[in-house]
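Asker: mind folding the following:
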Amino acid sequence: MFKKILVIFVFLISAGVIMANSSFTLTSETIKNNQTLPNEQVLNSFGCTGENISPDLSWQGAPEGTKSYALLVHDPDAPRPTGWWHWLVVNIPVTKTEFKKGERLAPPMLETVTDFKNTGYGGACPPKGHGVHHYNFTIHALNTEKLDVSVDTDPNEVEKLVKQHSIASSTITALYQR
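Answerer: Residues are numbered from 1 along each chain as shown. Okay, here's the model as predicted:
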C-alpha cells in the first residue's frame, strides 16, 4: 500500500512540475508552429535560394530559478544519426527575452559552431526529395548563468550540457522540404 501511495505521490509531483513549466512559451511573428518555414529562414547555399535570416523569437514565463537561456535549432530528420544543428546560442542573459529578426548577437551570448562548421544561424536546406523536415526552435531556461563551452564545442556536446541544466523548455517546430 505504501508503495502505491508513493508512486501516486511522485506522479502528482511530476505532473505539477510539468504544469508549472507549461507557462514557459516561445513565440514568433516570423515562423509558426507546424507550418512551412518562410523563404527568409531558408539557406542561400547548397542549391537552396533563401535569405538565411534568423527569425524573430520571444519567450516568456520562465520558471523561478532561471539564470540564463540557451537556444537550440535542430533538424532531427537530416540523414545523419544525430540530425543537423542549425543554430546554437548559449549564455543568453536572463534579462533578454527576445531576438529580433536577423539580430547580431553580442557577448555574453555565444553562438557555437553548427553542423555547417560555422557559427550563427544556418537556414533550412534539406536534400531534394527527402520529404518534410522538422526544424525545432527550442529555448531552454537554465539553472546556471553560464555554460562552460567555447565557440568550437561540438554541437552534440552543447546540447548535452544544455539539457543537463535545463529546467524548462519551449519549442516551435517549422517545416520545410524541397
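
Asker: using CSV, write out every CA atom in stretch 125-134.
Answerer: The C-alpha trace of stretch 125-134 is given here as CSV (Å, rounded to 0.1, in the frame of the first residue of the first chain):
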residue,chain,number,x,y,z
CYS,A,125,18.2,23.2,-46.9
PRO,A,126,17.2,19.5,-46.7
PRO,A,127,18.2,17.2,-49.5
LYS,A,128,15.9,17.3,-52.6
GLY,A,129,13.2,14.6,-52.4
HIS,A,130,13.9,13.8,-48.8
GLY,A,131,10.4,14.7,-47.6
VAL,A,132,9.3,17.2,-45.0
HIS,A,133,11.9,18.1,-42.4
HIS,A,134,11.1,19.4,-38.9
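
Asker: check the offset of stretch 149-156 from the chain's centre.
Answerer: Centroid displacement of stretch 149-156 relative to its chain, using CA atoms, centre = their mean, to the nearest Å, is 15 Å.

Asker: name the residues of that stretch that are buried.
Answerer: Across stretch 149-156, burial judged by 16 or more other CB atoms under 10 Å covers 149, 153, 155. Quick note: C-beta positions are derived from backbone N, CA and C, even for glycine.

Asker: check contacts around residue 141.
Answerer: Shown in contact with residue 141 (CB atoms under 8 Å, 6 or more residues apart in numbering): 24, 62, 63, 66, 69, 166, 167, 168, 169.

Asker: which one of those residues is nearest residue 76?
Answerer: residue 169 (14.9 Å; CB to CB).

Asker: how about the contacts made by that closest one?
Answerer: Here residue 169 is in contact with 24, 138, 139, 140, 141 (criterion: CB under 8 Å, 6+ apart).

Asker: can you flag the buried ones in the residues you listed?
Answerer: 24, 138, 139, 140, 141.

Asker: turn these into TSV, including secondary structure.
Answerer: Shown next, in TSV, are those (DSSP: H, G, I helix; E, B strand; the rest coil):
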residue	secondary structure
24	coil
138	strand
139	strand
140	strand
141	strand
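
Asker: show the pLDDT at the closest residue to residue 152 other than its chain neighbours.
Answerer: Leaving aside its sequence neighbours, residue 152 sits nearest to residue 113 (CB to CB, 6 or more residues apart in numbering; 5.3 Å). pLDDT recorded at residue 113 is 98.

Asker: I figured residue 113 hits residue 150, correct?
Answerer: No - with contacts counted by CB atoms under 8 Å, residue 113 stays clear of residue 150, the gap being 9.1 Å.

Asker: all set, thanks.
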